[in-house]
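Novice: this one's sequence-less:
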């Protein structure tokens, strides 16, 4: 059995705790497996998959088909309150990405499958508003993808160097002219250098070039999501990071990068964007920061973002949270927003404190425990999701 400590919103049962009660303190959720898992969530649903990609688990809301369950008319499952093992959509799972109520799964063959809400064509198909059961969103299969990302209502996928996008585009978040939803995959990086990382916010998208330092952002800039950028190619704006990126993440209106370690600078996370709920892990005078903010947390090995909160794991195995905390998802029992990294220390009595990984839904947090080893060195360095 794998134990997962969970926090935050549970209105769809996405914490897998057999009820729909929010968790304001860390409580245990259990998956019936004997291997380490990754977890990612959306608005009211969550998916977990084994590190070797051989098993997929789901919990939470399936109102729009976001769990990929049930294809027979009249037989749609609305909610799973416990983690349920389900059939793989295709080959072994490499990555899962969640929008508010749609889900993408990338398999080892580079195929992208999707299920859930399709009102904004975030699952490509033009003639369906909701899809119950996995469907191939790669269409003709001519592209082999290596990474995926979901915004609230749009989707992106990366080949070895090119970015494809589809779905909602009211703010130009697809990297092309705004106001028209895309019901087919568009290559949106023709004017950009080869890309290595992708992430999506609510109404923006962010990518990092293969040089690991050049950032491109497209879409809404109301909260400084485009950072200290200048106009670059087409709808994309760009700027350069202080040192190479190790991982790229995005919340609804913020962006974050885990930087490569430096002997001279122990702090290795930079963020920019919205800040009015502590999203940037600091108190700022304005509601957002266009300039890069150094998160005052050293030796971060993994970082994941919810809608307006973030979770980080450091090299010594400690877990920190900050940001919007209405549901207790950032770890403060008072439910007040958290403006500086808060070390999560109030663990259930008797809990194994060896952390194998971290995950986020839009309003909740997951800490995957290492029940299989006594050594942190065997734990994964980072969650695969951007």
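Specialist: Received, thanks. The shown structure was predicted, so the numbers you read here are calculated from the model rather than taken from an experiment.

Novice: Just give the number of residues close to residue 132.
Specialist: For residue 132, the count of nearby residues is 22 (other CB atoms under 10 Å). In short, each C-beta sits where N, CA and C put it, glycine included.

Novice: Quick check: it is in a helix.
Specialist: No - counting by DSSP: H, G, I helix; E, B strand; the rest coil, residue 132 is not part of a helix but strand.

Novice: Use 29 as the first number for this chain going forward.
Specialist: Got it, first residue is 29 now, which makes that one residue 160.

Novice: which residue sits closest to it, ignoring its sequence neighbours?
Specialist: residue 93 (3.8 Å; CB to CB, 6 or more residues apart in numbering).

Novice: can you check residue 397 too?
Specialist: Here the residue nearest residue 397, using CB to CB, 6+ apart, is residue 31, at 4.7 Å.

Novice: element containing that neighbour, please.
Specialist: strand 30-36 (DSSP states H and E).

Novice: Give me the packing partners of that strand, helices and strands only.
Specialist: In terms of contact count using 3 or more CB pairs under 8 Å, 6 or more residues apart in numbering; DSSP states H and E, strand 30-36 is assigned the packing partners strand 51-59, strand 65-69, strand 392-397.

Novice: rerun at 10 Å
Specialist: Contact here means 3 or more CB pairs under 10 Å, 6 or more residues apart in numbering; DSSP states H and E; on that basis strand 30-36 packs against strand 51-59, strand 65-69, strand 73-78, strand 337-342, strand 347-351, strand 383-388, strand 392-397.

Novice: show me where pLDDT drops low in the stretch 29-178 of the chain?
Specialist: 99-104, 167-169 (pLDDT under 70).

Novice: Mind jotting down where the strands sit in it?
Specialist: Secondary structure of the stretch 29-178 of the chain by DSSP state E, counting those that start in this stretch: the strands cover 30-36, 51-59, 65-69, 73-78, 84-89, 107-114, 121-126, 130-135, 140-145, 158-164, 175-178.

Novice: how about CSV for the ones you listed, with distance to residue 399 added?
Specialist: Compiled in CSV, these are given as follows (distance: least, CB to CB, whole Å):
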stretch, distance to residue 399
strand 30-36, 6
strand 51-59, 10
strand 65-69, 11
strand 73-78, 13
strand 84-89, 16
strand 107-114, 15
strand 121-126, 21
strand 130-135, 25
strand 140-145, 29
strand 158-164, 29
strand 175-178, 28
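
Novice: Report how many residues lie close to residue 154.
Specialist: 9.

Novice: so it touches residue 148, yeah?
Specialist: No - with contacts counted by CB atoms under 10 Å, residue 154 stays clear of residue 148, the gap being 11.6 Å.

Novice: Would you mind listing the residues touching both of these two?
Specialist: Shared contacts of residue 154 and residue 148 (CB atoms under 10 Å, 6 or more residues apart in numbering): 209, 211.

Novice: can you tell me the helix or strand for residue 192?
Specialist: Going by DSSP H and E, residue 192 is in strand 191-195.

Novice: Also residue 253?
Specialist: Here residue 253 is assigned to no helix or strand, by DSSP H and E.

Novice: Tell me how many other residues crowd it.
Specialist: 31.

Novice: Likewise for the one 5 residues further on?
Specialist: For residue 258, the number of neighbouring residues by other CB under 10 Å comes to 8.

Novice: Just give me the neighbour total for residue 270.
Specialist: The burial count for residue 270: 12, using other CB under 10 Å.

Novice: Quick check on it: phi, psi?
Specialist: phi -70, psi -30 (degrees, to the nearest 10).

Novice: Tell me if I'm right that it and residue 292 touch.
Specialist: No - Residue 270 lies out of contact with residue 292 (CB under 10 Å); the separation is 11.3 Å.

Novice: rewinding a little: specify the beta-bridge partners of the residue nearest to residue 397.
Specialist: residue 58 (DSSP bridges).

Novice: Report pLDDT for residue 335.
Specialist: Residue 335 is assigned a pLDDT of 98 by the prediction.

Novice: now stretch 138-149: how far from the chain's centre is it?
Specialist: Stretch 138-149 has its C-alpha centroid displaced from the chain centroid by 16 Å (CA atoms, centre = their mean, to the nearest Å).
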